[in-house]
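*Asks:* For reference, the sequence and a predicted model appear below.
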Amino acid sequence: MRRTLLACSLVLLTSLACAAELPETDWLSLMPPADRKALEDMPEITHNGPEANGTFTNKGGLKQSDKGLPKVMYSTKTVAALNGKALRLGGYPVPLENDAKGRVTEFFLVPYPGACIHVPPPPPNQIVLVRYPKGIQIDDIYNPIWVSGTLKIETVSNEMADAAYAIDDAKVRPVEESDL
């Protein structure tokens, strides 16, 4: 009986270790259905501003500066069922704060690379503030990362961006070739 319990315990622990990483959450699931529909129905957005020529003049960072965009591009509407849910998102970092060793301890996670220079940036409900006290060395913002943690609905607004979600005490790691 004792051996059976021990064997079952080992199988359970092995299963938990293999399943330790949460399944990937799709970015669009962070948007309420009405916002997803509005995004799908949105007209083509041109990138004919000065940024398209390599001249970045938007002082607002990730904040929307084109007031003529559809309302969905400014949406802070969230999905209540995700509040307090443990999840894993793949995305790209926009560094905000570093520690004394130069590791990034706070950043915005966005769904596509270069969101800080693209026009338009993602809506606030597609931007997650990540607080990662341990810090991570980020050499290239175009390299994707995984962020795991408990998502919470939290409106964050600073000079760089508006975000509708946050993750505190996240687990962060680079996306590796084996993940693809």
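*Replies:* Good, I have the coordinates.

*Asks:* gap between residue 174 and residue 87?
*Replies:* 18 Å (Cβ to Cβ, to the nearest Å). All C-beta spots, glycine's among them, are computed from the backbone N, C-alpha and C.

*Asks:* quick one, which of those two is more surrounded?
*Replies:* Applying other Cβ atoms under 10 Å to residue 174 and residue 87 shows that residue 87 carries more neighbours, namely 18 against 14.

*Asks:* So the more buried one sits against residue 146, correct?
*Replies:* No - using Cβ atoms under 8 Å, residue 87 is not in contact with residue 146, being 10.7 Å away.

*Asks:* Who is residue 163 paired with across the strands?
*Replies:* Note on residue 163: beta-bridge partners residue 156, judged by DSSP bridges.

*Asks:* ok, now residue 24?
*Replies:* Going by DSSP bridges, residue 24 forms beta bridges with residue 88.

*Asks:* Please name the residues that touch it.
*Replies:* 88, 89, 90 (Cβ atoms under 8 Å, 6 or more residues apart in numbering).

*Asks:* Find me the pLDDT at the second one, would you?
*Replies:* Just to be clear, that refers to residue 89. Looking at residue 89, its pLDDT stands at 98.

*Asks:* okay, now it: neighbour count?
*Replies:* Neighbours of residue 89 (other Cβ under 10 Å): 25.

*Asks:* Tell me who's in contact with it.
*Replies:* For residue 89, the contact set (Cβ under 8 Å, 6+ apart) comprises 24, 25, 27, 109, 128, 146, 147, 148.

*Asks:* show me the contacts for the fourth one.
*Replies:* In other words, residue 109. 89, 91, 92, 93, 94, 127, 128, 129, 130, 145, 147, 167.

*Asks:* any chance of those in a markdown table, with secondary structure and distance to residue 102 too?
*Replies:* Output for these, formatted as a markdown table (DSSP: H, G, I helix; E, B strand; the rest coil; distance: Cβ to Cβ, whole Å):
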| residue | secondary structure | distance to residue 102 |
| --- | --- | --- |
| 89 | strand | 24 |
| 91 | strand | 21 |
| 92 | strand | 19 |
| 93 | strand | 14 |
| 94 | strand | 16 |
| 127 | coil | 23 |
| 128 | strand | 22 |
| 129 | strand | 20 |
| 130 | strand | 17 |
| 145 | strand | 16 |
| 147 | strand | 19 |
| 167 | strand | 22 |
